[in-house]
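Q: sequence? don't have it. structure:
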């Protein structure tokens, strides 16, 4: 299974995106927010540094959401019963997404402040 060609690896990655989109409301919400932010960046025309920072934190947030989803799939398969330690693991993974989401919001707010308030 390892060392597949690029096209096969790409197909697997796209299937992962599809699985997350179809099964995870939070992933769909994150993607919709991403589209809105990217559209606002087209309109607001940030400097390259601000655009790169915003895109980086969005990518990290979506990546964390995908890792959280993958962790939940594996945990639910291996241990379908409710267990306090598993609940804590899932909660921590969800918290990682939350922290990155808040970071994304703060960075976007800092960008807006820099664009509209710092030159006043």
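A: It's in. The shown structure was predicted, so the numbers you read here are calculated from the model rather than taken from an experiment.
Q: How much space separates residue 111 from residue 42?
A: From residue 111 across to residue 42, the span is 14 Å (Cβ to Cβ, to the nearest Å). From N, CA and C alone the C-beta is placed, and that goes for glycine too.
Q: buried ones in the longest helix along the chain?
A: The longest helix of the chain (DSSP state H) is helix 84-116. Buried residues in helix 84-116, counting neighbours by 16 or more other Cβ atoms under 10 Å, are found at 86, 93, 94, 96, 97, 100, 101, 104, 107, 108, 111.
Q: Give me the mean pLDDT for it.
A: For helix 84-116, mean pLDDT rounds to 94.
Q: Tell me which other helices or strands it touches.
A: For helix 84-116, the packing partners by 3 or more Cβ pairs under 8 Å, 6 or more residues apart in numbering; DSSP states H and E come out as helix 25-44, helix 48-78.
Q: Go again with 7 Å.
A: Judged by 3 or more Cβ pairs under 7 Å, 6 or more residues apart in numbering; DSSP states H and E, helix 84-116 is in contact with helix 48-78.
Q: what mean pLDDT does the helix it packs on have?
A: Mean predicted confidence for helix 48-78 is 95.
Q: Thanks again, I'm all set now.
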